[in-house]
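Participant: after the sequence you'll find the predicted model.
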Amino acid sequence: MKNPPAYCFTLELAVRDYEVDMFGVVNHSVYLRYLEHTRHTFLKSLGIDAAHMQQRGFNLVVTHIDIDYKQPLKSGELFVVKLAVPAVTRVRFIFLQDIYNLSSQQLTTSAKIVGTAIPPKGRPVIPDEFYHALHQQVP
């Protein structure tokens, strides 16, 4: 990778047997779950709980995902998901997430996730506490 982003959060995970497809590698859809789980864990580490926000009427939604699969993961392999927050505005946030195989240190997956929050009135807006918590993570 030429210029890796300024990661602010990492989460180590392991591939479970049932996440592997008939070709012996992690199914492409499972990577989306790894990325989502990491984002939720990251937000919780900042004191932001997606379920609590939803109870307040704010639904966190992904509006766009761009993902590149570079190397497959296999059953039992350990990997790390690294996360960066390159930008946050009052109406959207961006996460860059990379997955690395821990044994080989190879980049397996790279993704850009764009999202927003939808309040009860329906116009996208990032709640203040969410904005301030993420803004502190922007390099």
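Facilitator: Alright, I've got the coordinates.
Participant: strands of the chain, start to end?
Facilitator: 9-14, 59-69, 78-88, 93-101, 107-118 (DSSP state E).
Participant: to H28, which of the ones you listed lies closest?
Facilitator: Closest to H28 of the strands of the chain is strand 59-69 (CB to CB; 6.3 Å). No exception for glycine: its C-beta is placed from N, CA and C like everyone else's.
Participant: sorry, back to before: most packed of the strands of the chain?
Facilitator: Of the strands of the chain, the one with the most neighbours on average (mean count of other CB atoms under 10 Å) is strand 93-101, at a mean of 23.
Participant: pLDDT of that strand, averaged?
Facilitator: The predicted model gives strand 93-101 an average pLDDT of 98.
Participant: tell me the angle that strand makes with strand 107-118.
Facilitator: Between strand 93-101 and strand 107-118, the angle comes out at 160 degrees (axes from the mean of the first three to the mean of the last three CA atoms, to 10 degrees).
Participant: so what does strand 93-101 touch, helix or strand wise?
Facilitator: helix 28-45, strand 78-88, strand 107-118 (3 or more CB pairs under 8 Å, 6 or more residues apart in numbering; DSSP states H and E).
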